[in-house]
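# all I have is the shape, not the residue letters:
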């Protein structure tokens, strides 16, 4: 993928103003090593697409009896990719994950906690409803992010959508102590083009939660947000070919940021959960 140009005043890491934030003690610049199952997926390389279902089978993949391959990536014939990875989240509840997605999107210093070596900037396109928290704060909103995926700086748009929009309906989702699903349309932040979808399914397990992340990017998922975007998307579909390097970088990024989030989320949530 093509790297975006840096925006003046946006930077990696914490500076003096960031260190003055009340949650600054949760900024931990070092990341844990990748989990063994992630390393195994990277060693294996790409797999046949039948092992990683497309978006139309997302519900079957997450809630059915045959989930497919949980860790790995696929390059699709239309120039797209699918990426899947599991993350252990000890001490974390599904409700904490919903709280996090609603809480972190208004300040870059919050966003940098999540991936200190890749996250640069975040802002809401429009302010969330006043006083809202959790799912009510982020579903229906768009988060504009600057982050590194591998060595490429990506300026992205993450439009959070209701789970039903992707057909993800399951009784477990009725109780946020048991499970939640974060769903979003992923696009460019500085052009009216959509690039794909993400789903983070969080389910309770002994000692905490397990997050199962899925990405469907490029190919048939490229579309425009308006007429100009649709024209540009038609061209992008012909020339945009995601590579194994792109898939590996996205898999590694997710496999780093989610366990890192889990390392501080329970304590952070306890400290600031009643704050907007």
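Ah, there it is. Note that the coordinates shown come from a computational prediction; the quantities given were computed from them, not determined experimentally.

# number of residues surrounding the nearest residue to residue 90 once chain neighbours are set aside?
Using Cβ to Cβ, 6 or more residues apart in numbering and skipping residues adjacent in sequence, the residue nearest residue 90 is residue 208, 4.1 Å away. To be clear about C-beta, it is placed using only N, CA and C from the backbone, and glycine gets the same treatment. Residue 208 sits with 18 neighbouring residues when counted by other Cβ atoms under 10 Å.

# residue 208 reaches residue 262, doesn't it?
Yes. Assessed by Cβ atoms under 8 Å, residue 208 is found in contact with residue 262 at 7.3 Å.

# now do the shared contacts for the two.
In the contact map built from Cβ atoms under 8 Å, 6 or more residues apart in numbering, the residues linked to both residue 208 and residue 262 are 88, 89, 90, 91, 92.

# ramachandran angles for the residue nearest the centre of the chain?
For the chain, the residue sitting closest to the mean C-alpha position, by Cα atoms, centre = their mean, is residue 198 at 6.3 Å. Dihedral angles phi and psi of residue 198 (degrees, to the nearest 10) take the values phi -130, psi 150.

# that one: what's it in contact with?
The contact partners of residue 198, by Cβ under 8 Å, 6+ apart, come to 158, 182, 183, 184, 186, 213, 214, 215, 216.

# pLDDT score assigned to it?
In this prediction, residue 198 carries a pLDDT score of 98.

# how close does it sit to residue 138?
Between residue 198 and residue 138 the distance, using Cβ to Cβ, to the nearest Å, works out to 13 Å.

# list the buried residues for the helix or strand of the chain with the lowest mean pLDDT?
Counting by mean pLDDT, DSSP states H and E, the weakest-scoring helix or strand in the chain turns out to be helix 227-239, with a mean of 74. When neighbours are counted by 16 or more other Cβ atoms under 10 Å, the buried residues of helix 227-239 are found to be 229, 232, 233, 236, 237.

# max-length helix in this protein?
Ranked by residue count under DSSP state H, the longest helix found in the chain is helix 244-272.

# mind giving me the packing neighbours of that helix?
The contact analysis (3 or more Cβ pairs under 8 Å, 6 or more residues apart in numbering; DSSP states H and E) places helix 244-272 against helix 36-44, strand 72-75, strand 81-90, helix 94-103, helix 108-114, strand 142-149, strand 208-217.

# for residue 13, see how far away the residue nearest to the centre of the chain is.
Taking Cβ to Cβ as the criterion, residue 198 is separated from residue 13 by 25 Å.

# try residue 62
35 Å.

# contact partners for residue 77?
Shown here is residue 77, whose contacts under the criterion Cβ under 8 Å, 6+ apart are 49, 219.

# separation between it and residue 242?
When distances are taken as Cβ to Cβ, residue 77 and residue 242 turn out to be 12 Å apart.

# quick check: neighbours shared by these two?
When Cβ under 8 Å, 6+ apart defines a contact, the residues bordering residue 77 and residue 242 alike are residue 219.

# right, and residue 143 touches residue 155 too?
No. Contact criterion Cβ under 8 Å: residue 143 and residue 155 do not qualify, at 11.8 Å.

# close enough to count as contact, residue 153 and residue 4?
Yes. With contact taken as Cβ under 8 Å, residue 153 and residue 4 are classed as touching, separated by 4.9 Å.

# give the residues shared as contacts by these two.
Joint contacts of residue 153 and residue 4 (Cβ under 8 Å, 6+ apart) are residue 146.

# compare the contacts of residue 198 and tell me which has the most neighbours.
Of all the contacts of residue 198, the most densely surrounded is residue 216 (27 neighbours; neighbours counted as other Cβ under 10 Å).

# per-residue confidence at the residue lying closest to residue 247 once chain neighbours are set aside?
When the adjacent residues along the chain are set aside, residue 247 lies closest to residue 73, with 3.8 Å between them (Cβ to Cβ, 6+ apart). According to the per-residue confidence, residue 73 scores 98 in pLDDT.

# how about the one 4 residues further on?
Residue-level confidence at residue 77 comes out at 94, pLDDT.

# what do you get for residue 273?
Per-residue confidence for residue 273 comes out at a pLDDT of 83.

# that one and residue 109, how far apart?
Going from residue 273 to residue 109 by Cβ to Cβ gives 18 Å.

# who has more neighbours, those two?
In this view residue 273 and residue 109 are compared by other Cβ under 10 Å, and residue 109 has more residues nearby, 20 against 13.
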